[in-house]
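Show me the folded form of this:
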Amino acid sequence: MRGFRDALVLLVVLILQATLVHRIAIAGVRPDLLVAFVVYFSWMRGPIPGVIGGFTVGLFQDLDAPGPLGLNALAKTIVGFIVAKAGFRVHRSNIGVRFFFFVTAMLVHDLIYFGFYTAGDFGALVRQFVFVALPSALYTSILVSLLLATVERASRTLLLTDEV
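Here you go, the predicted structure:
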């Protein structure tokens, strides 16, 4: 049942990422719901599911995105593992801690992704980080924090529940 629920949440996130995200962009800044899913999923499920989930979501994204095949899979796999390992030491229900954790994880993801994508061009990496990664991480973290707080308040439990 847990696997079915996780797959259903991922399907909804994939549909929202493909259809809604470009419509809610603010000044060209779009939320990255797929990274947010990997972060939350890894945080709740642990290292092995986090790595598998990160790789799977990244590979799906790579198949649809321009750029080197496997780059999203690599970045999301690494972030899934780091989040799962660090997440056990973090208080999950505090919204401020959760926001900071999401921002940090998303910035790490984008640093890995843009680090490879810019192929060592430090100026391009800094531009991508400042003008794409940072605004997207902040926007996504605000959006996800509000969404999770709303859903959890309505259901009185964590969305994916702490079943590690």
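
and stretch 85-92, average pLDDT?
In this model, stretch 85-92 has a mean pLDDT of 80.

right, I mislabeled it, should have said stretch 155-164
If you average the pLDDT over stretch 155-164, you get 56.

What of stretch 7-27?
Mean predicted lDDT for stretch 7-27 stands at 93.

neighbouring contacts of that stretch?
30-34, 36-37, 41, 53, 57, 60, 64, 135, 139, 159-160 (C-beta atoms under 8 Å, 6 or more residues apart in numbering). Every C-beta, even on glycine, is put in place using the N, C-alpha and C of the backbone.

Sitting in helices, which of those do you find?
When these are checked against helices (DSSP state H), the matches are 33-34, 36-37, 41, 53, 57, 60, 64, 135, 139.

okay, now Ile142: neighbour count?
14 (other C-beta atoms under 10 Å).

So it is in contact with Arg98, correct?
No - the pair Ile142 / Arg98 is not scored as a contact, 11.2 Å apart, by C-beta atoms under 8 Å.

re the thing from before, farthest-separated two in the ones in helices among the contacts of stretch 7-27?
Gly53 and Pro135 (25.2 Å; C-beta to C-beta).

higher neighbour count, those two?
For Gly53 versus Pro135, neighbours defined as other C-beta under 10 Å are more numerous around Gly53 (22 against 16).
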